[in-house]
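Asker: Structure for this input, please:
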Amino acid sequence: MAPQGEQGCRRGCGVSRVPGAPSRGDVAELSVVSPRQAGNAGGPDGHGGGDGTEPPSAPRGAERGRPGGAGTAETSHQALAAQLSPQDQVGPPGSCSFPTRCSVSTAKSLLFRFLPFLRWMPRYPVKDWLLGDIVSGFSVGIMHLPQGLAYALLAGLPPVTGLYSSFYPVFLYFFFGTSRHNSVGPFAVISVMIGSVTDSLLPSENFVEFVNGTNLTVNEARRDAARVELVATITVLTGIFQVALGLLQFGFVVTYLSDPLVRGYTTAASVHVLVSQLKNVFGVSLGEHSGPLSLFMVSGVQLQGMRPLLLLLLHHSPCGGRPSLTPAILPQIIVSTGISYGVNLNAKFGISVVGHIPSGLKPPVVPNVSYFGQVVGNAFAIAVVGYAICISLGKIFALKHGYKVDSNQELIALGLCNFLGGFFQCFAISCSMSRSLVQESTGGNSQMVWIVTFVATLMLNLDIGLGASVAFGLLTVIFRTQL
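Answerer: Modelled structure (predicted):
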């Protein structure tokens, strides 16, 4: 009979120490024995291995439970022992020895996974990448300035919140993100989704006040403060959803957001962006509408003055030119700002301007949790859409440049940007769509999904359209794979 320690080890875990192994100071020889092998002594008949041959050390006719029978099925002991470092082998001689789960290498791997910059920062090729990163960072920073202001207005918020959203998330993504080319910050589609929530829950009509007892005017200060508080709550809740999904390894859900679905949704969202800015471009009052079919609640009389400019835009063809190190948007910002300030366009001609931008950064403020029940559905939709766009762009760039993007870590990184940014008056962010939208993905890859997504989003608004699009996409996947 084998020693009691060896029998218990075989029954308990299938990992045994070789009979007669040396003491603690020597290298322990380990073997992995499956329950079937341990019971049959290495072969179906109990007389050796499956090829009909027996090692010289294995006595013929070894019975179940004897050391000789187990030895006939043991693999290379030295090869297995070489894979285990001394600090990974635990337990006294004769007991089961497993690799420790809480080792230095495991902790280091988890730290590098949660903080990816610790892995690539020490190996950063300064001579090859530094100049290009400086030029690229300068160009993207110049783009963040006007986009942040514009997307804040698109969300119905004060312009300064767009600058906050262009700063804090970018700083946080540096530590937690895994994509080298994703530009996180304000995004038009997310801003439109936030703007629909602010218009429905906190419309301007709720802040109308009497001035001098006769005139009605909107108290913009009260309205903006209330909307900032609401949007900060949405942003924090969006971040909570994204971090929770990332920790639960739900990054695979992007598989079900196919290429046609995302393309149709973002294209229809761009129409919402265009229509929402018509009142600012043409100086007309279109009114505020929310809910399904709100895109079409514009009278034809209000659009009469837009025809000349629309014809000009349709017949405009950009001129080609050589690339320049100076961003094209930079001189436009400088010239337009100088003209507006020098001529005083706001006072003389009534042209709307951004106005005063407060300097400095705001201290963190705890969001109003009483809004959670009203915005939980919107926050979840924003979390899913923002992540889908971000991971899609990240995979495109990763495939092109030959590196990998961790989908779950991207979900956590985006969630931390939103969660922490919400305390500093930021609104929910995603990644900028500067080139292609998404890469090819599995799922319902059909042109019909694109059409249904576009029409549903255009007709039913962004939140309801997203639900209809995802439902149709899943039905297409089921139809293509099961029928």
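
Asker: Mind giving me the packing neighbours of the helix or strand hosting residue 233?
Answerer: Per DSSP states H and E, residue 233 falls inside helix 220-247. If you count contacts as 3 or more C-beta pairs under 8 Å, 6 or more residues apart in numbering; DSSP states H and E, helix 220-247 packs onto helix 188-201, helix 372-401, helix 407-422. From N, CA and C alone the C-beta is placed, and that goes for glycine too.

Asker: Can you get me a residue count around residue 253?
Answerer: Residue 253: 14 surrounding residues under other C-beta atoms under 10 Å.

Asker: Then it would be within a helix, right?
Answerer: Yes: counting by DSSP: H, G, I helix; E, B strand; the rest coil, residue 253 is located in a helix.

Asker: Please report how far it lies from residue 117.
Answerer: 26 Å (C-beta to C-beta, to the nearest Å).

Asker: Next: residue 136.
Answerer: From residue 136 to residue 117 the distance is 17 Å (C-beta to C-beta).

Asker: now residue 396
Answerer: The value you get for residue 396 to residue 117, if C-beta to C-beta is used, is 22 Å.

Asker: Looking at the two, which is more packed in?
Answerer: Taking other C-beta under 10 Å, residue 396 and residue 117 do not tie; residue 396 has more neighbours (20 against 15).

Asker: mind checking pLDDT for the more buried one?
Answerer: Note for residue 396: predicted pLDDT of 74.

Asker: contacting residues for residue 164?
Answerer: With contact taken as C-beta atoms under 8 Å, 6 or more residues apart in numbering, residue 164 is in contact with 361-362, 421, 424-426.

Asker: Those residues into JSON lines, with extra columns for distance to residue 145, pLDDT and neighbour count?
Answerer: Formatted as JSON lines, the contacts of residue 164 follow (distance: C-beta to C-beta, whole Å; pLDDT from 0 to 100; neighbours: other C-beta atoms under 10 Å):
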{"residue": "361", "distance to residue 145": "16", "pLDDT": "76", "neighbour count": "12"}
{"residue": "362", "distance to residue 145": "18", "pLDDT": "81", "neighbour count": "14"}
{"residue": "421", "distance to residue 145": "18", "pLDDT": "92", "neighbour count": "25"}
{"residue": "424", "distance to residue 145": "18", "pLDDT": "91", "neighbour count": "19"}
{"residue": "425", "distance to residue 145": "17", "pLDDT": "89", "neighbour count": "25"}
{"residue": "426", "distance to residue 145": "16", "pLDDT": "91", "neighbour count": "31"}
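
Asker: Tabulate those in a markdown table, adding columns for secondary structure and distance to residue 181.
Answerer: Output for the contacts of residue 164, formatted as a markdown table (DSSP: H, G, I helix; E, B strand; the rest coil; distance: C-beta to C-beta, whole Å):
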| residue | secondary structure | distance to residue 181 |
| --- | --- | --- |
| 361 | coil | 27 |
| 362 | coil | 30 |
| 421 | helix | 21 |
| 424 | coil | 25 |
| 425 | coil | 28 |
| 426 | coil | 22 |
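
Asker: Look up how far residue 167 lies from residue 358.
Answerer: In terms of C-beta to C-beta, residue 358 sits 14 Å off from residue 167.

Asker: Which of these two has more residues huddled nearby?
Answerer: residue 167 (18 against 9).

Asker: What residues does the more buried one make contact with?
Answerer: Counting by C-beta under 8 Å, 6+ apart, residue 167 touches no other residue.

Asker: and what of the one 5 residues further on?
Answerer: Residues near residue 172 by C-beta under 8 Å, 6+ apart: 413, 416-417, 420-421.

Asker: how about those residues in a markdown table, adding distance to residue 383?
Answerer: Converted to a markdown table, those look like this (distance: C-beta to C-beta, whole Å):
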| residue | distance to residue 383 |
| --- | --- |
| 413 | 13 |
| 416 | 13 |
| 417 | 12 |
| 420 | 15 |
| 421 | 13 |
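
Asker: From residue 332, how far off is residue 405?
Answerer: 33 Å.

Asker: Please disregard the earlier target; I meant residue 182.
Answerer: For residue 182, the distance to residue 332 - C-beta to C-beta - is 25 Å.

Asker: before we move on, what about residue 363?
Answerer: Here the criterion is C-beta to C-beta. By it, residue 363 lies 34 Å from residue 332.

Asker: Pick out whichever of these two has more residues nearby.
Answerer: Comparing residue 363 with residue 332 by other C-beta under 10 Å, the one with more neighbours is residue 332, at 11 against 8.

Asker: these two touch, right, residue 168 and residue 424?
Answerer: Yes: when contacts are counted by C-beta atoms under 8 Å, residue 168 is listed as touching residue 424 (5.4 Å).

Asker: out of the contacts of residue 172, which one sits closest to residue 246?
Answerer: Closest approach to residue 246 among those (C-beta to C-beta): residue 413, at 8.1 Å.

Asker: Just list the residues touching the nearest residue to that closest one once chain neighbours are set aside, thanks.
Answerer: Nearest residue to residue 413, sequence neighbours excluded (C-beta to C-beta, 6 or more residues apart in numbering): residue 176, at 3.7 Å. When contacts are counted by C-beta under 8 Å, 6+ apart, residue 176 touches 114-116, 409, 412-413, 416-417.

Asker: same thing but 7 Å
Answerer: Residues in contact with residue 176 (C-beta atoms under 7 Å, 6 or more residues apart in numbering) are 115, 412-413, 416.

Asker: And residue 243, by the same measure?
Answerer: 412, 415-416, 419.

Asker: Adding pLDDT, neighbour count and distance to residue 354, write those residues out as CSV.
Answerer: Below are the contacts of residue 243 laid out as CSV (pLDDT from 0 to 100; neighbours: other C-beta atoms under 10 Å; distance: C-beta to C-beta, whole Å):
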residue, pLDDT, neighbour count, distance to residue 354
412, 92, 23, 34
415, 93, 24, 30
416, 94, 20, 29
419, 95, 19, 28
